[in-house]
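>>> the sequence and its predicted three-dimensional model are supplied below.
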Amino acid sequence: MHRRKRRTKENLMKLPTVPSLLLACLGGAGLLSACTTVGTDYAGPPVTPQAAGFARAGTPDMPATPADSKALAHWWTELGDPLLDQLVDRALQANPNLALASARVRQARASLRSEQANGKPKGSATALAAHAHLPTLGSGSSNDSASDGGNNDSLSIPSSLNLYSVGFDATWEIDLFGGQRRATEAAGAAAEAAEARLADAQLSLVAEVAQAYVNLRSTQAQVALSNAAIERQQRSLELALRRVKAGTASELDITRLQGQLETTRSQAEPLGAQLDAYRDELATLVGVAPGALDAELGAGPANAAAV
């Protein structure tokens, strides 16, 4: 009987204490959180093989320099046209799709900040101040004063009271399986995707403005060339008419020159409609009514008439 009690006492002494159990649980939880994480690590966008003989700035084959990045960000300025620069700036400011994309970027960034805050300790502080007025206590009777031997000294009690209370609470939730970390990574990826969509929308808008502007200037140059060709053919026709009157040319030459002149005029007619279409397209992209940019766009480049 005594041996059994002694063995029971020895077994109880071998049992782990509460602090040791707590430390073991915390250590196991730490190892578990370090070894197990929800989902897989993000490996970035898929890598696509480049076309043979083509190298793009910003790749290991051709690292991008700060000058290259600035030039790519404002590539339309390389054309050296101040009016095009103004049209692009106005289009970027007035386009509603860009405003919506910018709002989505701000929303995604706010969600990212919220997820980052969820993984940090949270604290709250409280403060209380109160001021209370105490009722005035009446003085004792004359008999009591006489019984006290004529001593008029009484206990001084304040008429008001101030109370102050300050408190602080802090909480923190352990990200045991990495769910909060994955949520933060997902919010960051969503913010980057929103920024990429905004940049894509800006690039598409700038490309449309630049393409419409280049088409307009090209068509204006074609109109100038057609007008110059019409003037030359008219002078040739007038000269041929004089030669016919002088007897040095035949009616066949007049017919041939008139046919060339009418063909050139017929080819120039659609160019005017194309000019109106490009002007209206630029006005729509900039955010103004069709026809509002006709005076600014003018008849064409300064050197178009001289070509």
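Arrived safely.
>>> surely residue 94 touches residue 284?
No: using Cβ atoms under 8 Å as the test, residue 94 is too far from residue 284 to be in contact (10.3 Å). Every C-beta, even on glycine, is put in place using the N, C-alpha and C of the backbone.
>>> ok, which stretches of the protein are helices?
Residue ranges of the helices in the chain, as given by DSSP state H, are 2-14, 18-35, 66-73, 82-94, 96-118, 142-147, 179-246, 251-286, 294-297.
>>> take those helices and lay them out in a markdown table including mean pLDDT, distance to residue 135 and mean neighbour count.
Output for the helices of the chain, formatted as a markdown table (pLDDT from 0 to 100; distance: least, Cβ to Cβ, whole Å; neighbours: other Cβ atoms under 10 Å):
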| stretch | mean pLDDT | distance to residue 135 | mean neighbour count |
| --- | --- | --- | --- |
| helix 2-14 | 49 | 63 | 8 |
| helix 18-35 | 51 | 53 | 10 |
| helix 66-73 | 64 | 76 | 11 |
| helix 82-94 | 90 | 69 | 16 |
| helix 96-118 | 81 | 49 | 15 |
| helix 142-147 | 48 | 20 | 10 |
| helix 179-246 | 88 | 56 | 16 |
| helix 251-286 | 89 | 77 | 15 |
| helix 294-297 | 87 | 83 | 14 |
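>>> figure out which of the ones you listed is closest to residue 162.
Nearest to residue 162 among the helices of the chain is helix 142-147 (31.7 Å), distances taken as Cβ to Cβ.
>>> give me the residues contacting stretch 260-269.
Contacts of stretch 260-269 from elsewhere in the structure, counted by Cβ atoms under 8 Å, 6 or more residues apart in numbering, are 223, 226, 227, 229, 230, 233, 234, 237.
>>> would a markdown table of these with distance to residue 264 be doable?
Below are the contacts of stretch 260-269 laid out as a markdown table (distance: Cβ to Cβ, whole Å):
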| residue | distance to residue 264 |
| --- | --- |
| 223 | 12 |
| 226 | 6 |
| 227 | 9 |
| 229 | 5 |
| 230 | 5 |
| 233 | 6 |
| 234 | 10 |
| 237 | 11 |
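>>> closest to residue 184 among those?
When the contacts of stretch 260-269 are compared for distance to residue 184 (Cβ to Cβ), residue 223 wins out at 58.5 Å.
>>> the closest one contacts residue 275, correct?
Yes: counting by Cβ under 8 Å, residue 275 is a contact partner of residue 223 at 6.7 Å.
>>> could you tell me which residues make contact with residue 112?
The contact partners of residue 112, taken as Cβ under 8 Å, 6+ apart, are 184, 187, 188, 190, 191.
>>> thanks a lot, catch you later.
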